[in-house]
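> mind looking at a prediction? Sequence and model below.
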Amino acid sequence: MTEPQEPRVVINDRRRIDPVTGARRVPAGEQPAGTPAPDRPANAAVPGEQMSEQESPVAEQPTAAPTTGDSGGGDLASQLAERTEDLQRVSAEYANYRRRVDRDRSLVVDQAAERFALQLFPIIDDIERARDHGDLTGAFKVVADRVLGLVDGLGVTAFGQAGDVFDPALHEAVMHDTSPEVSVPTATTVLRQGFRRGDRVLRTAMVAVTDPESPAAQPEATDAAAPQQPAADPAAG
């Protein structure tokens, strides 16, 4: 009677490196080096060849985006502070520019108004002389009123009247006399009116000044103010 044969166990050594010699093994079905390989897909597996654990494909891990963390928050805060400072500086510079432009524009307007008014002053002098002589009538009076209204529109006012206290900043003295009727230097005669625009004097008034005849008398010292002399003692001597 034939005994049943046990199944034969076949162990295939698929290691690529010979553990004894250390040489590289050529798996079954693989062509030796220098032999042109047949056309096949690059990812096709060679028949009878399995990939070792060292050659097992590893899925690529997605690259994590760098996280800023707290440093990113600090950078944003510093950038915001820097932009805010830039905005404040630009706003301040613009405000200063607007003020400078407004001041320059006002100065140009004032200078133009003053130059125009200076050209009208001789005409106003002629109008005043015509009024003093009674010649300011008819059509000439109409023109004179328009010229005076134009000067008023520029904000120019006249000053200088007889009886004003003499002020060197406002009056130009061309004549002097004395009189007991005045106690301080007084403009008694106005030869030419003065003009000013606001606080700025455009032309001084030409006047004749009357001074007092003598300075005010100083009050005499009274007997009460005199030093007291000590009385003589009758018992002395």
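The structure has been received and is ready for your questions.
> from V182, how far off is the nearest residue to S183 once chain neighbours are set aside?
Nearest residue to S183 in three dimensions, chain neighbours excluded: P212, at 5.5 Å (C-beta to C-beta, 6 or more residues apart in numbering). To be clear about C-beta, it is placed using only N, CA and C from the backbone, and glycine gets the same treatment. Going from P212 to V182 by C-beta to C-beta, to the nearest Å gives 5 Å.
> where does the chain have low pLDDT?
For the chain, residues meeting the criterion pLDDT under 70 lie at 1-7, 9-12, 26-73, 215-237.
> in it, which helix is the longest?
Secondary structure of the chain per DSSP state H: the longest helix is helix 69-132.
> name the helices or strands packed onto it?
helix 138-153, strand 156-159, strand 194-197, strand 200-203 (3 or more C-beta pairs under 8 Å, 6 or more residues apart in numbering; DSSP states H and E).
> quick revisit: between P212 and V182, which one's more packed in?
V182 (18 against 15; other C-beta atoms under 10 Å).
> hmm, back to that, residue contacts, the residue nearest to S183?
Neighbour list for P212: T178, S179, P180, V182, S183, V184, P185 [criterion: C-beta atoms under 8 Å, 6 or more residues apart in numbering].
> the last one reaches V207, doesn't it?
It refers to P185. No: P185 lies out of contact with V207 (C-beta atoms under 8 Å); the separation is 10.2 Å.
> common neighbours of those two, please.
Joint contacts of P185 and V207 (C-beta under 8 Å, 6+ apart) are F166.
> so between those two, which is more surrounded?
Between P185 and V207, V207 has the larger neighbour count (other C-beta under 10 Å), namely 27 against 18.
> contacting residues for the more buried one?
Per C-beta under 8 Å, 6+ apart, neighbours of V207: 160, 164, 166, 171-175, 187-191.
> any chance of CSV for these, columns secondary structure?
Shown next, in CSV, are those (DSSP: H, G, I helix; E, B strand; the rest coil):
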residue, secondary structure
G160, coil
D164, strand
F166, coil
H171, strand
E172, strand
A173, strand
V174, strand
M175, strand
A187, strand
T188, strand
T189, strand
V190, strand
L191, strand
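> ok so, going back, which among the helices and strands packed on helix 69-132 is found nearest to L118?
With respect to L118, and counting by C-beta to C-beta, the nearest of these is strand 200-203 at 6.5 Å.
> right, and the helix or strand after the closest one?
strand 205-212 (DSSP states H and E).
> buried sites along that next one?
Using 16 or more other C-beta atoms under 10 Å as the test for burial, strand 205-212 gives A205, M206, V207, A208, V209, T210, D211.
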